[in-house]
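>>> Turn this into a structure:
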Amino acid sequence: MTALPRGSILESPLTARRAAPRATEERALAQLDAPTTIADGERALHRFAFVVHPLTLGYIHSYPPLRWTRVLPDALVETIAAWMPPRRMSRIRGGRSPETGQRIEGLLYTLGSTPRQMLERDPDFTYRRLLAAARDAARRGARLMGLGAYTKVVGDAGVTVAARSPIPVTSGNSLTVAATLETAKEAARRLHGEDLGRGRAMIVGATGAIGSVCSRLIARAIHDVVLVSIEPERLRDLKATIEAETPGARVETALASDAAIGDCDLVVTATSAFGQRVVDISRCKPGAVLCDVALPPDIGPDEAALRPDLLVIDTGEVEIPGPVDLGYDVGLPPGVAYACLAEAALLAMEGRFESFTLGRDIPPDRVKEIYRIYRRHGFALAPLRSFGRLLGDEDFARRRALARELTADPERLARLRAEAAARLAAIPPRAKGVTSAAAPKVARRTRARLRRDAAEAAAALPEPGGTRRRAAR
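This is a model prediction of the structure:
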């Protein structure tokens with residue numbers, strides 16, 4: 001095995017793991033506990049924190065201090081990185097409300113775990129690192145912490161972390177949903193010159209934290225939805241909720257997307273799936289809009305290229321007024337942040353230091369409320385992109401023309417679908433950039449335990465007014 005550079009950032013966790021992993025891990029996390037002072041001139045700022053993590057192993061390899069890890073076995077690097085304590089990456093500067101003048105500043109932290117490592121391990125492994133970041137952020141004046149990517153998927157979606165944290169915690173999912181719906185509306189307008197009010201929508205991952213509230217809100221706007229999930233009991237409950245909230249809505253449920261996707265004008269994917277094909281893009285309706293909410297994404301660029309008439313959109317990207325400087329390259333254009341980060345920044349700007357969004361059951365009213373605050377402070381949807389590429393008018397015009405041609409020529413559409421299906425079969429099934437052969441062996445815990453843990457954590461979490469929440473049943 002290739003030797004690790006002496007004194008490297010990975011050497012200490014590796015040696016510690018061979019000796020006494022938990023004890024050394026706790027010492028490493030405790031190193032963040034040094035006293036911190038806040039300058040008087042900074043007190044006018046509303047400060048927040050946000051936690052990210054590498055979405056794939058490539059993020060670790062591309063981080064300058066860790067580029068040398070490319071020579072090591074991938075599995076070794078990924079495992080060791082997961083044991084690293086949280087690290088402060090940058091200060092997020094420049095945010096300012098054009099409405100109130102309130103200035104904000106963020107502290108950006110990263111964990112070392114990839115999504116695979118988070119899902120393979122007990123949730124407490126990730127909780128400990130998130131809480132270490134929260135304690136450090138609190139000492140540095142942060143009054144709220146946001147959770148990014150899989151830090152809000154692990155365990156009970158932020159409920160336990162918020163109950164144990166010295167500062168409020170928010171998952172950012174409310175603004176993520178609002179930004180997704182705004183993106184879908186704008187994409188449909190630019191592609192077809194109209195909204196989706198008369199179309200049909202499919203939500204894949206409909207029973208998840210983001211998918212369920214997306215389904216409820218989309219059903220109110222479109223009245224014709226297909227809910228896709230691998231959880232049939234929760235699908236039935238969600239269907240009943242939508243039918244009660246939106247009388248007259250047409251609600252279809254399915255365990256897979258294949259049968260109905262060819263009739264849908266809008267497809268939203270919001271899954272935590274690994275190593276499987278979330279949607280068969282060859283079957284899609286001509287000119288369909290696909291909003292991929294997941295990070296890492298559910299749909300790959302090589303899959304999207306098989307159907308040049310479709311519009312696969314990067315969703316949940318928001319411009320924070322200021323303009324803001326994240327101080328670190330998170331893979332987005334300057335001044336643009338993911339909506340989950342933007343929710344923490346927005347709450348700080350509003351002075352709402354509370355656990356605004358937690359858990360897997362997000363009330364639609366929460367999404368509407370955060371959207372009103374978003375508009376008030378001048379936040380805006382970032383220019384539409386597809387796989388990181390900015391979309392111009394010619395991109396929409398080309399897809400629009402091709403979609404019309406395919407709709408008018410069923411035989412040509414059938415040939416395109418058959419060709420795309422044949423080429424898709426040669427692409428290994430994957431989601432989140434992980435192929436089926438490399439899919440993680442995620443530990444399976446009973447739903448009863450998850451519900452119990454969530455209920456206990458929820459009972460310990462204060463409401464904004466200071467009272468305790470009642471445990472969910």
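>>> what's residue 283 in contact with, if anything?
258, 261, 262, 417, 421 (Cβ atoms under 8 Å, 6 or more residues apart in numbering). C-beta: built from backbone N, CA, C; applies to glycine.
>>> quick one: which of the residues you listed is nearest residue 374?
Residue 374 has its nearest neighbour among the contacts of residue 283 in residue 261, at 30.6 Å by Cβ to Cβ.
>>> quick one: the closest one and residue 269 touch, right?
No. Residue 261 lies out of contact with residue 269 (Cβ atoms under 8 Å); the separation is 10.7 Å.
>>> which residues do these two both contact?
With Cβ under 8 Å, 6+ apart as the test, residue 261 and residue 269 both reach residue 279.
>>> returning to what we had before: filter the contacts of residue 283 down to the ones in helices?
In helices, judged by DSSP state H, the following of the contacts of residue 283 are found: 417, 421.
>>> Now, of the contacts of residue 283, which are buried?
Neighbour-count burial (16 or more other Cβ atoms under 10 Å) is assigned, among those, to 261, 262, 417.
>>> mind putting the contacts of residue 283 in CSV, distance to residue 173 and pLDDT included?
Converted to CSV, the contacts of residue 283 look like this (distance: Cβ to Cβ, whole Å; pLDDT from 0 to 100):
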residue, distance to residue 173, pLDDT
258, 27, 94
261, 24, 97
262, 29, 96
417, 34, 97
421, 34, 96
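>>> Show me which residues of the helix of greatest length in the chain are buried.
Secondary structure assigned by DSSP H gives helix 173-192 as the longest helix of the chain. By neighbour count with 16+ other Cβ under 10 Å, helix 173-192 contains the buried residues 173-188, 190-192.
>>> and residue 397, backbone torsions?
With angles defined as degrees, to the nearest 10, residue 397 sits at phi -60, psi -40.
>>> pLDDT value on it, please?
Reported pLDDT at residue 397 in the predicted model: 96.
>>> Now the terminal residues of stretch 168-177, how far apart.
20 Å (Cα to Cα, to the nearest Å).
>>> any idea of the mean pLDDT in that stretch?
Mean predicted lDDT for stretch 168-177 stands at 97.
>>> Could you list the low-pLDDT ranges of the stretch 51-200 of the chain?
Scanning the stretch 51-200 of the chain for pLDDT under 70 picks out the ranges 195-197.
>>> ok but residue 330 is inside a strand, no?
No. Under DSSP: H, G, I helix; E, B strand; the rest coil, residue 330 falls outside any strand and is assigned coil.
>>> Could you give the number of residues near it?
19 (other Cβ atoms under 10 Å).
>>> ok, and the closest non-adjacent residue to it?
Spatial nearest neighbour of residue 330, excluding adjacent residues (Cβ to Cβ, 6 or more residues apart in numbering): residue 52 at 6.7 Å.
>>> Tally up the residues packed near that neighbour, please.
24.
>>> what's the helix or strand for residue 48?
Using DSSP states H and E, residue 48 sits within strand 46-52.
>>> which helices and strands does that strand pack with?
strand 103-110, helix 123-139, strand 145-147, helix 339-350 (3 or more Cβ pairs under 8 Å, 6 or more residues apart in numbering; DSSP states H and E).
>>> Would you mind identifying the next helix or strand past that strand?
helix 57-62.
>>> elements contacting the next helix-or-strand element following that next one?
As assigned by DSSP H and E, the chain's next helix or strand after helix 57-62 is helix 74-82. Helix 74-82 is packed against helix 11-19, helix 57-62, helix 115-120, with contacts defined by 3+ Cβ pairs under 8 Å, 6+ apart.
>>> Would you mind pulling up the elements that the second one packs against?
It stands for helix 57-62. helix 74-82.
>>> Could I get the buried residue list for the helix it packs on?
77, 78, 79, 80, 81, 82.
>>> tell me the angle of that helix relative to helix 123-139?
50 degrees (axes from the mean of the first three to the mean of the last three Cα atoms, to 10 degrees).
>>> Centre of the chain to helix 74-82, how far?
Averaged C-alpha coordinates place helix 74-82 at 22 Å from its chain's average position (Cα atoms, centre = their mean, to the nearest Å).
>>> just to revisit the earlier point, can you list the contacts of residue 283 in TSV and add distance to residue 142?
Below are the contacts of residue 283 laid out as TSV (distance: Cβ to Cβ, whole Å):
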residue	distance to residue 142
258	45
261	43
262	48
417	51
421	50
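>>> So which of the contacts of residue 283 is the closest to residue 311?
residue 261 (14.6 Å).
>>> In this structure the residue nearest to residue 330 contacts residue 107, no?
No. With contact defined as Cβ under 8 Å, residue 52 does not reach residue 107; the gap is 11.6 Å.
>>> can you pull the buried residues of stretch 249-258?
Buried, per 16+ other Cβ under 10 Å, within stretch 249-258: 249, 251, 253, 254, 257.
>>> Likewise for stretch 188-205?
188, 190, 191, 192, 196, 199, 200, 201, 202, 203, 204, 205.
>>> And for stretch 336-354?
Neighbour count says stretch 336-354 has 336-350, 352-354 buried, by 16+ other Cβ under 10 Å.
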